[in-house]
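Colleague: just coords:
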């Protein structure tokens with residue numbers, strides 16, 4: 001199947017990957033509609049991709065070569081025990097590479113063919129679907145403009161997706177009951193006097209009653225950085241709106257949220273790890289309430305959902321970027337074998353719908369175990385923790401997402 005007009009709503013990681021896949025597939029025209037006018041590459045949060053997933057994604061052509069990545073090998077689980085660095089009660093293999101979100105996006109954006117019309121500062125306000133069972137094409141409505149019909153519309157517009165709202169109006173993100181504080185800073189700041197050893201290929205998971213914090217190094221535009229994500233239930237009075245997906249972006253933390261983070265570090269963390277997180281500048285610290293979402297379908301009526309628009313997975317599964325790129329890989333594979341738009345949608349839904357729902361279920365189990373119903377970390381042995389971890393996986397081979405299915 002070749003030809004047709006494709007609109008990709010959203011120009012971040014999933015949007016860039018889908019635009020490239022549609023252009024390679026032979027679409028007559030591909031347009032990306034991204035509401036942000038600024039530099040998406042300035043987003044500095046870290047993420048990880050499992051080594052096996054990365055190899056599959058490169059082989060599928062959706063992960064371009066040459067994007068900076070930092071190798072990781074092991075994960076150390078730590079609990080406070082009165083010593084400066086705490087007690088490592090378990091170590092597990094962690095075959096991942098970490099990325100800087102902005103550098104990953106830049107590599108994907110540079111790989112988008114010049115034939116793609118990439119428009120920034122375009123707000124999509126709605127989507128009209130064709131009549132059920134009848135002819136017609138989906139129509140994308142832009143702010144201040146008339147609607148435009150396309151043969152296929154890809155919703156890559158994130159967890160507050162306008163496109164998903166049209167295709168699956170009853171699917172909305174649900175608050176998980178806790179938040180994450182996130183931050184990153186220049187890794188050279190770790191060289192201060194009195195700082196303890198921390199191998200660069202190691203992810204540290206600092207555990208405390210009612211939460212945990214994952215800390216690891218990532219590449220950055222100006223050298224290595226330290227990235228961390230701390231999960232906990234926020235205390236009352238922090239000013240969070242939790243009825244609708246929201247966040248406090250870098251530099252916009254309230255005094256209450258900053259104070260809650262400082263209190264957690266003082267009361268719950270080994271001193272060394274509290275000092276590590278305290279190196280983060282205020283302008284590089286943010287808070288995100290944790291949500292999740294699954295949809296009954298990810299394709300239909302001339303529409304595909306991609307990345308967080310298709311399913312919102314709690315970050316514990318370390319699968320967000322890989323899942324978005326796998327969506328693009330499955331889309332390209334379906335394009336190469338389908339004879340019609342309807343067949344393409346059916347193939348994509350069969351491949352990516354179940355995969356997204358499985359990821360949501362696994363991340364919910366991990367969230368309950370690491371935040372909502374934490375064990376007594378200080379009493380765990382390595383054998384105890386390994387058994388606890390396998391129970392949370394529930395038969396899944398591990399975290400980071402499963403093998404690409406097309």
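Modeller: Yep, that arrived. In this text the structure is predicted, and so the values were computed from the model without any measurement.
Colleague: list the contacts of the most centrally placed residue in the chain.
Modeller: Closest to where the C-alpha atoms of the chain average out (Cα atoms, centre = their mean) is residue 320, at 3.2 Å. By Cβ atoms under 8 Å, 6 or more residues apart in numbering, the contact list for residue 320 reads 47, 307, 308, 313. (Each C-beta comes from the backbone N, C-alpha and C, glycine too.)
Colleague: let's go with 7 Å and repeat that
Modeller: Residues in contact with residue 320, defined by Cβ atoms under 7 Å, 6 or more residues apart in numbering, are 47, 313.
Colleague: now swap in residue 9 and tell me
Modeller: Counted by Cβ under 7 Å, 6+ apart, residue 9 has contacts 33, 124, 140, 153, 154, 155, 156, 157, 162, 163.
Colleague: which residues in the stretch 101-250 of the chain form strands?
Modeller: Using DSSP state E, counting those that start in this stretch, the strands assigned to the stretch 101-250 of the chain run over residues 117-120, 124-128, 139-142, 148-149, 152-155, 174-186, 202-208, 211-218, 225-232.
Colleague: tell me how far residue 367 lies from residue 328.
Modeller: To residue 328, residue 367 is 26 Å away according to Cβ to Cβ, to the nearest Å.
Colleague: could you do residue 102 as well?
Modeller: Using Cβ to Cβ, residue 102 is found at 19 Å from residue 328.
Colleague: just the helices in the stretch 1-150 of the chain please.
Modeller: For the stretch 1-150 of the chain, applying DSSP state H, counting those that start in this stretch gives helices covering 13-25, 51-60, 101-111.
Colleague: mean neighbour count added to those helices, as CSV?
Modeller: As requested, these are arranged in CSV below (neighbours: other Cβ atoms under 10 Å):
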stretch, mean neighbour count
helix 13-25, 27
helix 51-60, 18
helix 101-111, 20
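Colleague: please identify which of those is closest to residue 302.
Modeller: Closest approach to residue 302 among those (Cβ to Cβ): helix 13-25, 13.7 Å.
Colleague: and residue 170, how many neighbours?
Modeller: Residues near residue 170, counting by other Cβ atoms under 10 Å, number 7.
Colleague: measure it to residue 297 for me?
Modeller: Using Cβ to Cβ, residue 170 is found at 11 Å from residue 297.
Colleague: over to residue 394?
Modeller: With distances taken as Cβ to Cβ, residue 394 is found 24 Å from residue 297.
Colleague: now swap in residue 325 and tell me
Modeller: According to Cβ to Cβ, residue 325 and residue 297 sit 21 Å apart.
Colleague: show me which of those two is the more surrounded one.
Modeller: Set residue 325 next to residue 297 and count neighbours by other Cβ under 10 Å: residue 325 wins out with 31 against 15.
Colleague: give the buried residues for the helix or strand where the more buried one lies.
Modeller: Assigned by DSSP states H and E, residue 325 belongs to helix 320-337. Under the neighbour-count criterion of 16 or more other Cβ atoms under 10 Å, helix 320-337 has 320-335 buried.
Colleague: with stretch 178-192 instead?
Modeller: Here stretch 178-192 shows 178, 179, 180, 181, 182, 183, 184, 185, 186, 187, 190 as buried, counting by 16+ other Cβ under 10 Å.
Colleague: my guess is the fifth one contacts residue 229. True?
Modeller: Yes. Contact between residue 182 and residue 229 holds when scored by Cβ atoms under 7 Å: they sit 5.2 Å apart.
Colleague: distance between stretch 16-34 and the chain's centre?
Modeller: 21 Å (Cα atoms, centre = their mean, to the nearest Å).
Colleague: I would like the residues contacting it, please.
Modeller: 2-11, 15, 62, 105, 108-109, 111-113, 115-120, 122, 124, 154, 156, 306, 324-325, 328, 331-332, 335-336.
Colleague: measure it end to end?
Modeller: 10 Å (Cα to Cα, to the nearest Å).
Colleague: swap in stretch 166-179?
Modeller: Terminal-residue distance, stretch 166-179 (Cα to Cα): 28 Å.
Colleague: and the angle for the helix holding residue 325 with helix 51-60?
Modeller: 30 degrees (axes from the mean of the first three to the mean of the last three Cα atoms, to 10 degrees).
Colleague: and helix 320-337, how far out from the chain's middle?
Modeller: 15 Å.
Colleague: which positions within whichever helix or strand comes after that helix qualify as buried?
Modeller: Counting by DSSP H and E, the element after helix 320-337 in chain order, helix or strand, is helix 341-367. Within helix 341-367, the residues that qualify as buried are 344-345, 347-353, 355-367, counting by 16+ other Cβ under 10 Å.
Colleague: also stretch 271-284?
Modeller: With the criterion 16+ other Cβ under 10 Å, stretch 271-284 contains buried residues 271, 272, 273, 274, 275, 276, 277, 279, 280, 284.
Colleague: for residue 223, grab phi and psi.
Modeller: Backbone torsions for residue 223, taken as degrees, to the nearest 10, come to phi 120, psi 170.
Colleague: ok, how many other residues are close to it?
Modeller: 9.
Colleague: now swap in residue 75 and tell me
Modeller: 18.
Colleague: swap in the one 5 residues further on?
Modeller: Neighbour count of residue 80, defined by other Cβ under 10 Å: 20.
Colleague: and it, what's its pLDDT?
Modeller: With respect to pLDDT, residue 80 has a value of 97.
Colleague: from residue 373, how far out is it?
Modeller: From residue 80 to residue 373 the distance is 19 Å (Cβ to Cβ).
Colleague: report pLDDT for the residue lying closest to residue 81 once chain neighbours are set aside.
Modeller: Counting by Cβ to Cβ, 6 or more residues apart in numbering, residue 81 lies nearest to residue 87, which is 4.2 Å off, once chain neighbours are set aside. Model confidence at residue 87, given as pLDDT, is 95.
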